[in-house]
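# sequence-free structure coming up:
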């Protein structure tokens, strides 16, 4: 295995991920696109490959708003009250989940939900995470109860978990979710296919943990910052045709770009560029011929500690020298994790992405 997921260690038993596999769409956003790319990087040649599996793979779903939160509080408690328990919430898969009391032992099964829980002030009640949860620093030493494709149900139960937050659309195995629910452990499944979906999930988890006020304050702050960045670049000029590199396989020459209307394509658009997409809402793979025909004016390399292509690497790829971006040396690396992980750091990711696309534009000061 020559590549490792960018968002944290993922066990070596992770199988290769097909970029067209529907079951991996959830991981795309749950980990961050760059993480997915590395998951399928096992090759006999030892070539480092970043392929979009689930957190970053050819599996993003259309960037539509996530389902609205459905809250059914007990008669004696107001749905808007942070102490409104018991509460029944509808998760992103449409399942009604009853949470009998304010959770005191929470388990997070994706890096994004871990960040959300800490971001809304529930981090001191998180007792375990998946092995990709690397932020904030307080989350890293917590026990791991899940890898990219497995969940240790027995360990979760032994920890006395009274709320589990899982990743949807295949990131957390459906059988593990079903088993936990059979054992009367409340499980909320979340998956944000869009920026609005991230806001929805933050507020959903705020209600689920008794941190509704903090969640609303967080989404308000995020929305204001993202809107400010978008406004600054909207008037910057003609949006450049931009290829955001989700992944590239050296051995085979496979190229991975944002799927149509995907979360990543939305972030590129918000940053003031015209994203080059694959032409398919479910696949991240794009043929070289199609990329050449799109003729990117700008190439953004989504990098992380485990996937670090350089502009020189891109210029050396066979057939790429005909693209405008390559001819003009408009190839710019950017830290990928905050851009593709659907959590509280999205404004940071958007700011970095906008700065890479528009280096001469003054962005509003970070709060």
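Now that the structure is in, tell me what you want to look at. Fair warning: this is a prediction, and the values are worked out from it, not measured in the lab.

# so how far is residue 294 from residue 201?
Using Cβ to Cβ, to the nearest Å, one gets 32 Å for the distance from residue 201 to residue 294. C-beta: built from backbone N, CA, C; applies to glycine.

# Also residue 344?
Remark: distance between residue 344 and residue 294 (Cβ to Cβ) = 33 Å.

# tell me the helices in the stretch 51-200 of the chain, going along the chain?
Using DSSP state H, counting those that start in this stretch, the helices of the stretch 51-200 of the chain run over residues 111-119, 153-158, 174-182, 195-209.

# downstream neighbour of the longest helix along the chain in the secondary structure list?
Here the longest helix in the chain is taken by residue count, with DSSP state H as the criterion, and it is helix 212-234. For helix 212-234, the following helix or strand on the C-terminal side (DSSP states H and E) is strand 241-245.

# Partner strands of that following strand and their direction?
In the sheet, strand 241-245 lines up against strand 274-275 (parallel), strand 298-303 (parallel) (DSSP bridges).

# tell me the most buried of those strands?
Mean neighbour count (mean count of other Cβ atoms under 10 Å) peaks for strand 298-303 among the strands paired with strand 241-245, with a mean of 24.

# The longest helix of the chain: which residues count as buried?
Buried residues in helix 212-234, defined by neighbour count with 16 or more other Cβ atoms under 10 Å: 212, 214-216, 218-219, 222, 225-226, 228-229, 232-233.

# rewinding a little: what would the helices of the stretch 51-200 of the chain look like in a markdown table with distance to residue 263?
Formatted as a markdown table, the entries for those read as follows, by distance: least, Cβ to Cβ, whole Å:
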| stretch | distance to residue 263 |
| --- | --- |
| helix 111-119 | 11 |
| helix 153-158 | 28 |
| helix 174-182 | 22 |
| helix 195-209 | 7 |
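
# Deepest-packed of those helices, please.
Comparing those by mean count of other Cβ under 10 Å gives helix 111-119 as most buried, with a mean of 28.

# Next, the angle from that one to helix 195-209.
Here helix 111-119 runs at 50 degrees with respect to helix 195-209, directions being taken by axes from the mean of the first three to the mean of the last three Cα atoms, to 10 degrees.

# now for the longest helix of the chain, which elements pack on it?
Applying 3 or more Cβ pairs under 8 Å, 6 or more residues apart in numbering; DSSP states H and E, one finds that helix 212-234 makes contact with helix 195-209, helix 263-270, helix 346-357.

# For these, could you give me a markdown table that also reports distance to residue 238 and mean pLDDT?
What follows is the helices and strands packed on helix 212-234, written out as a markdown table (distance: least, Cβ to Cβ, whole Å; pLDDT from 0 to 100):
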| stretch | distance to residue 238 | mean pLDDT |
| --- | --- | --- |
| helix 195-209 | 23 | 97 |
| helix 263-270 | 14 | 96 |
| helix 346-357 | 12 | 97 |
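
# I'd like these as JSON lines, with distance to residue 334 appended.
Written out in JSON lines, the entries for the helices and strands packed on helix 212-234 read as follows (distance: least, Cβ to Cβ, whole Å):
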{"stretch": "helix 195-209", "distance to residue 334": "17"}
{"stretch": "helix 263-270", "distance to residue 334": "11"}
{"stretch": "helix 346-357", "distance to residue 334": "4"}
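
# between the ones you listed, which one is nearest to residue 92?
Closest approach to residue 92 among these (Cβ to Cβ): helix 195-209, 7.0 Å.

# gap between that closest one and the chain center?
14 Å (Cα atoms, centre = their mean, to the nearest Å).

# Report the angle between that helix and helix 212-234.
Relative orientation of helix 195-209 versus helix 212-234 (the same axes, to 10 degrees): 170 degrees.

# Quick check: residue 223 touching residue 200?
No: look at residue 223 against residue 200 with Cβ atoms under 8 Å: they stay out of range, at 11.9 Å.

# Next up, the contacts around residue 177.
Remark: with contacts taken as Cβ atoms under 8 Å, 6 or more residues apart in numbering, residue 177 is in contact with 151, 166, 187, 189.

# In space, what's closest to the first one - neighbours in sequence excluded?
Excluding the flanking residues, the one nearest residue 151 by Cβ to Cβ, 6 or more residues apart in numbering is residue 176, at 3.7 Å.

# Please tell me I have it right and that neighbour contacts residue 153.
Yes: using Cβ under 8 Å, residue 176 is in contact with residue 153, at 5.6 Å.

# ok so, going back, for residue 344 and residue 294, indicate the residue with more neighbours.
residue 344 (23 against 19; other Cβ atoms under 10 Å).

# and the residue nearest to residue 151, how far is that from residue 182?
Here residue 176 is placed at a distance of 11 Å from residue 182 (Cβ to Cβ).
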